[in-house]
Every structure is written in structure tokens, then in C-alpha cells.
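K.L.:
Got a predicted structure here, sequence first:
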Protein chains: 2
Amino acid sequence: MKIAVLKERQDGETRVAATPETVKKFKALGCDVCVETGAGITASFTDAQYEEAGAQIAHSASDACQNAELILKVRKPDAGELSNFANGAKLAAILAPHADKDSLSAYASAGVDAFAMDLMPRITRAQSMDVLSSQSNLAGYKAVVDAAGAFGKALPMMMTAAGTVSPAKVFVMGAGVAGLQAIATARRLGGVVTATDVRYAAKEQVESLGAKFVVVDEEAMKESETEGGYAKEMSKDFQERQAEFVAKHIAKQDIVITTALIPGRPAPLLVNADMVASMKPGSILVDLAVEQGGNVEGSIPGETVDKNGVKIIGHRNVPGRLPTDASALYAKNLLNFVTLLTDKETGKLAIDWDDDIVKGVALTRDGQIIHPNFAEAPPAP
Amino acid sequence: MKIAVLKERQDGETRVAATPETVKKFKALGCDVCVETGAGITASFTDAQYEEAGAQIAHSASDACQNAELILKVRKPDAGELSNFANGAKLAAILAPHADKDSLSAYASAGVDAFAMDLMPRITRAQSMDVLSSQSNLAGYKAVVDAAGAFGKALPMMMTAAGTVSPAKVFVMGAGVAGLQAIATARRLGGVVTATDVRYAAKEQVESLGAKFVVVDEEAMKESETEGGYAKEMSKDFQERQAEFVAKHIAKQDIVITTALIPGRPAPLLVNADMVASMKPGSILVDLAVEQGGNVEGSIPGETVDKNGVKIIGHRNVPGRLPTDASALYAKNLLNFVTLLTDKETGKLAIDWDDDIVKGVALTRDGQIIHPNFAEAPPAP
């Protein structure tokens, strides 16, 4: 089987879908790998390193795609790239199908079987292929590094002959994968860290990282959690009291990092303009949800907004700001997924279309849209 | 006594010589403080905060200087500013007299008694006034934050479902105040840290921060140290072996931070172009000595230079990249110094010109250059 690894063409995309390390592993699996020249350069991987690992270097995307049965990318291909793919080729990438449903018809028309890595089911067996987790983890780290870079003070307490520098107060909103890594990183740097989440179950994780969980009425939240395993929606009264409590808390923070995302839907607004205005000049907000509409009122994708001395940082593609590590982990996610699709004896594709993982990510097959969330008619029997 | 605090005019200077906190302390000392409007804005201190602390706000530098007996600044005044100072006024700032000897004649001609805070003697009693220490400490922290910001990987080891991200290797050259804080910060962020210094005595400090001291021949270095308390110059043979050892070490590093400064002289070259070329693409060098000629061959003040994927970061005024904390500590250094110059009963200046601290920093007095390192003729008896 020939695997093609293409250079990313989307503006600001610094990552690459394979690393010299995963190329070696693909070779050991019995695959041939062809990397488009310069594909790894923004992630600090050179053509020479790929060649040393056993890859061929192709001088264009169309050369790389020639006879390729599997194409690996970070972002979805544009029309020009897609025209290079052979009929029947497989594609694995972060395809964001919710944001662009027309792209599915394009894959189907081109006869490309497309796998959306971002739809990976959150089951134990698929953890090693979970690109949202691997990338969110790095985004959580980088959010704190970006905040520390923009902040006019140091994060740790420093005791000097001239006096003591007090530690920064860091508040992390949303304690998922990104939030927990942000908490861990801010703690490493010596910040005094608090965090919140709509799930009471997050409290223990937050506390295990040395941060304080911020909740107005712990008993009420606890009760809601224990009735049957799932959290029921909190009462309107609780929500209002919690919002007021959080608003007061934000006014005292130096750094606020928001990480609340709902897959396939706009991000919830967590910090409104009044809360931003309540913060001291020099304070920093980092909105990790800025590309999904934002958790912070006034955040703008790709910009740092200044509101009376309070900075709202809204970087796009935060994992791509750590291109080497983000590529390394994404490439391993892909390697694990491709290994699942491959017969270990022959090194050829042997896809079990009934596997829950494959069913979760497969968008198109043999010219048809087959994913249950996107198929207009049920697929042919 | 009236104290004037001026807005800095030098390009890229973000710091300010007083904070609302030190204004309060000056008021308690019995001084009046007048702050030029906007003086604190780049350090996130507003006019309103200074007013609340008891300062008057002046609408121009000349208004602020009117009848001021003491002028506080970060950088030396330009000719325009100096013309506002009253004859007999005192000035305290970072005056860098070695770099601009003509400025001393200007202070003398203007009848300004100038104190160079950067000449503060390194004696115990003056530690709380030591601006080089307070600013270097912050520079060491910021060097690591800048490196982490430019580095395409995370610093800490991360164990994820997709695989382990290995920790960054960080090498700190020079274990003075800046170097030790860089070591501490890189360790906080989870880096694997090594360090070196020409003084064997630094080994214990480096190790107490959890880093490894890099030396080719520990016995030879140890012996040189113990003979009489002062380190004698190491043999040519030792120096060559150490240089070769360090060169091999650098080739394996992800991040190198250089901090070697010799007051009043050009910085020593520690990393030559061959060593830079030996590093992996994506590696980072931060040259904290770039404004004094640089420790790294090819570093340029105010620029980040890319050498085949290796970045050499050469920010000017690194403490000024943490303007709030850098101002806070510098302002405390000044407060402690001014307190020494002030009669606690009357709140008036009462300078003991025979005090070692005053003798160490005083450049001019009564129209004459009096500092022994700069006076052309001995001062009048």
C-alpha cells in the first residue's frame, strides 16, 4: 500500500500528518510512504529526515498522490488537491464535516472514502486515535504560555531583596482535556489557580492538580450529580447565583483561560463585556473557543483585543502554535488508526466497515455519503 | 521635598520609576510626588491609581519638574528633559555612564546631581537597592517564557494516550542572578535543565535548583577554586577541553539561554556559529547579552534570527517585557535608595556624601563630575 502525506495548504496550518517517526512505523507495517516536499518544514521536520526514515520525497502533491491508496492530511483537501486523488483512494484528516457539509458530496463524487478523525468515538479502544484530545491537551498548555508571554508580570511568587512579587491568580473555565492541562501548566509556573466546570465530577480532577474548584453552592451541585449518574440541568436559581459568584471571582483574576466547547455547536458565552471591564488593567484573557464563536465577549479570531488595558487573546489553531509536538501526536493518532485499517500479514488495507471506530469516522464510501449524521438517504444495503 | 516621576521617552522603554505603592510610601516619608500624565500606562498603572495613592498628575514633563528637588526616571534623560531640571536638582535613574561619558558633563553643566542606580555597590546593605539584580531576575524568568513561546514543542514531559512527549532539554550558560532564575523557571515548566558557569561555586546553587552542572573536569575546576578563595584563571588546556565539551552538549539541546555579562565591557562570546549550526531545526537560543554585543554569534538586538530553522532570540530590554513587575521592583529599589538620602524627621534630603552607597552611585555634584571612575581631575577638596 502506498501512503501519501501532503503539505498543508490552509493559511496558518503549521502541522503535518506524518513525522519521520511514524514514517518508520508505516514502513515496518509494510507500507510505502511518499511525502510531498516541504510538508514538514513548518513543524521542523526536513525532507532529509523523512528520507532517512524511509520515505520517498515527491516534488508536488499530484506526484505524491500518484497510485496512493491512502492520503494523510491535517486539514480537509481543497478542490485542487482532491482532483489529484485516485478514484477509490482513502483519506484521513480533520475534516470538520459539521462546518462544511458540501465537502462530503465532493468526496463522494471524487470516489474518495473519507475518514474524519475529529469524529473519533470517545471509547477506550479509540483513545490512542483521539485527535481532539491530543490537540486540546497541547492547546491547554500553550494557552498558559501565551498568557505568560502577554502578561506584564511573572506568574510565580518571587522573593527578592527589593520585595516580594506576588503570584498571579489564574482562573480556568472548563475542566476538560484543555482546561486540565491549562491548570497543570499554570500551577507549574507558580500561579494560584482556580477552575470551574458545569460537571461536579471535575472537582476532584481540578483539586488533584492543586487548584481550587469554584462553585457557589457545592451541596446543590453535588446532589444534581448523584441522582442516577448523569447530571441533571441545574435550577435557574443556581445558575444565576453561580454566574454572579463567577463574575465576582473574575474581577480579582490576573489571567482567565476559557476552554468551553460543544462539538458541532457554537461555544457558550462565559465572560461578558461587563466581566471583562471589571478586570484590572494588565489582565489577560485567553479564549480557546474563539474559532467556534468564543467564550469571551469581544474576542476576535486571530487577534489580541485590548479593552482598557485588558487583553483578550484569540489565537486561531492553538495546537498549530506547537507544530512539532502537535504533529507528532496527531501523526501517532493517524498511525494507530491506519494500523486498525491494515492487515498485519500483507500490509494491505483491510477495512472492517462494521467496526465501531470505522463507523464513527467514515463519511463516504464507494461514491456515497454513509455517515448516519450526514447521509441524506440511508446507504444502499 | 517634591519628587517628580517622568514618563520614559526612550524607544521601547515600558517601565516607570514609581508605582502607586511607592508613591504611598514616599507620602508617608513626608515627600510630595508629582507624576507626569501617562507615565505608568505601559506598565499598567493609570493616572487614577497614582492620584488615589496621593500623587499629583502633571500634564507635561516641565510641569512635573517645576520645583522638584528629586527626579526619578528609568533611563537617562535626553537633552530636552534635562533642560527642565532645576539647578541643584537630584536625579536617580539607570544612567549607563560607561556607554555615554558625555552625559556626565551634561549633568554637571546643568547643575544636576546625578545618581546612577546601575553602579550600586554589591554590598549587603545595598541589596535592596540593587537594580541590576532586580531586573536580571525578571529577565531570567522572561527568557524562558520567550523560549517556550517560540518553541514548537511543550517543555514538560506529557504522557498522553497517543504517546509520550519528551521533556525539553534546556541549557543555561552563566549562573548569575538571571541564569539562576532561568534555571528555576525552566525546571518549573518541566524542562531537563543543565547549566554552566566559570565559577565552580555556582555548582551548588545550580544543583540546589534541580539542574545539572556541566563541567569537563570537575577536579581541575574544584582545585582552582579552593586555593585562597578566589578562582585563579583555568589553564589553556582546561579551557579548550571545556569548550569542546560544551560544544557537544549544545548540539543535543532544545533551548539554550545565555546570560554572561561583564559590567562595562563587551559580553563574552559563548556560542559560535558552528555550535548554532550543530543544533536541530526548531531549537531556540535566547541571548540575554545581545545589547552588550551578545553571547551568541549572529544574534541581533531587537530581532529573532532564523539560522536553518534554529531561532536566535535577541530581545532588547528584557525586563521591560514584564513592565509591571520590573517597574514594581525598580521603584522599590529607588524607594529604598531615596529613603537613605532622606531625613526621617523632616522628610527633606539629607545626603551623606561619605556613605559608601552614595559614593558608589554619585556621578556629579555641584557642577562637577565626582565619581572616581569618571572624574578627569580629582574633585575639589
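P.N.:
Everything's here; your move. All values derive from a computational prediction rather than experimental measurement.
K.L.:
what helix or strand does the nearest residue to A:K307 once chain neighbours are set aside sit in?
P.N.:
Excluding its sequence neighbours, the residue lying closest to A:K307 (C-beta to C-beta, 6 or more residues apart in numbering or on different chains) is A:V276, at 5.4 Å. The way it works is simple: take the backbone N, C-alpha and C, and place the C-beta from them, glycine included. Assessed by DSSP states H and E, A:V276 sits inside helix A:273-278.
K.L.:
Pretty sure A:P266 sits against A:G293.
P.N.:
Yes - shown here, A:P266 and A:G293 form a contact pair, counting by C-beta atoms under 8 Å, at 4.0 Å.
K.L.:
Hmm, the residue nearest to A:K307 is touching A:D287, no?
P.N.:
No - between A:V276 and A:D287 there is no contact under C-beta under 8 Å: 10.6 Å.
K.L.:
okay, and the common contacts of those two?
P.N.:
A:V296, A:I312 (C-beta atoms under 8 Å, 6 or more residues apart in numbering or on different chains).
K.L.:
List the buried residues in the helix or strand bottoming out on mean pLDDT in chain A.
P.N.:
When each helix and strand of chain A is scored by mean pLDDT, DSSP states H and E, helix A:218-226 comes last, with a mean of 79. Applying a neighbour-count criterion of 16 or more other C-beta atoms under 10 Å in any protein chain shown, one finds A:A220, A:M221, A:S224 buried in helix A:218-226.
K.L.:
quick one: which of A:P266 and A:G293 has more around it?
P.N.:
Taking neighbours as other C-beta atoms under 10 Å in any protein chain shown, A:P266 and A:G293 compare with A:G293 leading, 15 against 11.
K.L.:
Pull the contacting residues for that one.
P.N.:
Contacts of A:G293 by C-beta under 8 Å, 6+ apart are A:P266, A:A267.
K.L.:
ok, now A:D100?
P.N.:
A:K76.
K.L.:
roughly how far apart are A:A175 and B:F213?
P.N.:
The spacing between A:A175 and B:F213, counted by C-beta to C-beta, to the nearest Å, is 39 Å.
K.L.:
Can you pick out the residue with more neighbours from those two?
P.N.:
A:A175 (26 against 18).
K.L.:
For A:A211, which non-adjacent residue is closest in space?
P.N.:
Per C-beta to C-beta, 6+ apart, closest to A:A211 is A:V193, 4.0 Å.
K.L.:
just checking, what packs against the strand or helix carrying the one you found?
P.N.:
Using DSSP H and E, A:V193 maps to strand A:192-196. Helices and strands touching strand A:192-196, by 3 or more C-beta pairs under 8 Å, 6 or more residues apart in numbering or on different chains; DSSP states H and E, are strand A:169-173, helix A:177-188, strand A:212-213.
K.L.:
how does it look with 6 Å?
P.N.:
strand A:169-173, helix A:177-188 (3 or more C-beta pairs under 6 Å, 6 or more residues apart in numbering or on different chains; DSSP states H and E).
K.L.:
Dump that strand to CSV, keeping only the CA atoms.
P.N.:
Extracted as CSV, the C-alpha positions of strand A:192-196 are listed here (Å, rounded to 0.1, in the frame of the first residue of the first chain):
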residue,chain,number,x,y,z
VAL,A,192,-2.5,30.5,42.2
VAL,A,193,-5.1,28.5,40.2
THR,A,194,-8.9,28.2,40.4
ALA,A,195,-11.2,26.5,38.0
THR,A,196,-14.8,25.8,37.3
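K.L.:
Any regions of chain A where pLDDT drops low?
P.N.:
For chain A, the stretches with pLDDT under 70 are A:226-232, A:377-381.
K.L.:
that's a helix at A:V35, yeah?
P.N.:
No - read with DSSP: H, G, I helix; E, B strand; the rest coil, A:V35 is strand and lies in no helix.
K.L.:
Redo the buried residues of helix A:218-226 as TSV? Include distance to chain B.
P.N.:
Output for the buried residues of helix A:218-226, formatted as TSV (distance: C-beta to the nearest C-beta, whole Å):
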residue	distance to chain B
A:A220	34
A:M221	29
A:S224	29
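K.L.:
before we move on, back to that, quick one, which of A:V276 and A:D287 is more surrounded?
P.N.:
A:D287 (31 against 21).
K.L.:
partners of the more buried one in the sheet?
P.N.:
Beta-bridge partners for A:D287, by DSSP bridges, are A:T258.
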